[in-house]
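> predicted model and sequence follow; I will ask about them next.
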Amino acid sequence: MTKKTKSLLRHAAGILCLGSLLFTAGVFTSCSEDNDTVEEYADWQAKNDAYWNNLYTATQQKIKGGDTSWKTILNYTFQNQKSDAKTPPAYGPESHIIVHVEQNGTGTKSPLYSDSVSVHYMGRMIPSATYTSGLIFDKSWSGETFNAATSRPSHFLTQGLVDGFATALQAMHRGDHWTVYIPYQLGYGRQGQGQVQAYSVLIFDIRLVDFAHPGRKLKD
């Protein structure tokens, strides 16, 4: 094979590689002349476990230091449980969500599990190979940034949401704006869903607009 032929083949391989990347962005960062492949979500479970444990430890330290903008909230399914055992059950970091309060609302009541809610939200994963700020897998508004004047909230039944999201909502008040971190055990678990990879920590930006008891309609 001549040098010219090798050069042409290498050039063609580069073009094919670029085309593949354009059509598979978000799945893999791949293709090189050495045939090395870098997976978008390599060692994903280990990375998410480390991210969560480090965040939980740092949050506990902030809380102990008096920072009231951070909190951990036990999964709602474990709250208010009564036990006859002398030693109360111990719950690990994966049984909680982590909350950073961005803004406090003016409401004084919180949604119930059976209520419907009106929320602005955006969900993303932790940073990966090419998504350095975390892949945004869902959001209620269009455009890159939230605009209260043009964005319409989404309506959900609290009981239809993953445990972590439902736990957050049942602790929020109207007007609250929180960043909520959810371990995969309270999110989409070991299977994932849609663009959300298995074992993914979920990071949600949530603004609670309103909520209503069964039989009542939410305001648009």
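Alright, I've got the coordinates.
> for the helix or strand encompassing Phe165, which outside residues touch it?
Take DSSP states H and E as the rule and Phe165 turns out to sit in helix 163-169. For helix 163-169, the surrounding residues in contact (CB atoms under 8 Å, 6 or more residues apart in numbering) are 73-77, 97, 99, 110-111, 113, 117, 119, 158-159, 161, 178, 180, 182-183, 186-187, 202, 204, 206, 208, 211. For the C-beta atoms, the positions are set from N, CA and C on the backbone; glycine is no exception.
> repeat that for 7 Å
Contact partners of helix 163-169, identified using CB atoms under 7 Å, 6 or more residues apart in numbering, comprise 73, 75-77, 97, 99, 111, 113, 117, 158-159, 178, 180, 182, 186-187, 202, 204, 206, 208.
> from these, which land in strands?
Assignment to strands by DSSP state E places the following of the contacts of helix 163-169 there: 73, 97, 99, 117, 178, 180, 182, 202, 204, 206, 208.
> what's the spacing between the helix holding Phe165 and its chain's center?
Counting by CA atoms, centre = their mean, to the nearest Å, helix 163-169 is centred 12 Å from the centre of its parent chain.
> next: stretch 99-107.
Computed by CA atoms, centre = their mean, the separation of stretch 99-107 from the middle of its chain amounts to 18 Å.
> now do the buried residues in that stretch.
Neighbour counts using 16 or more other CB atoms under 10 Å place Val99 of stretch 99-107 among the buried residues.
> ends of it, what's the gap?
18 Å (CA to CA, to the nearest Å).
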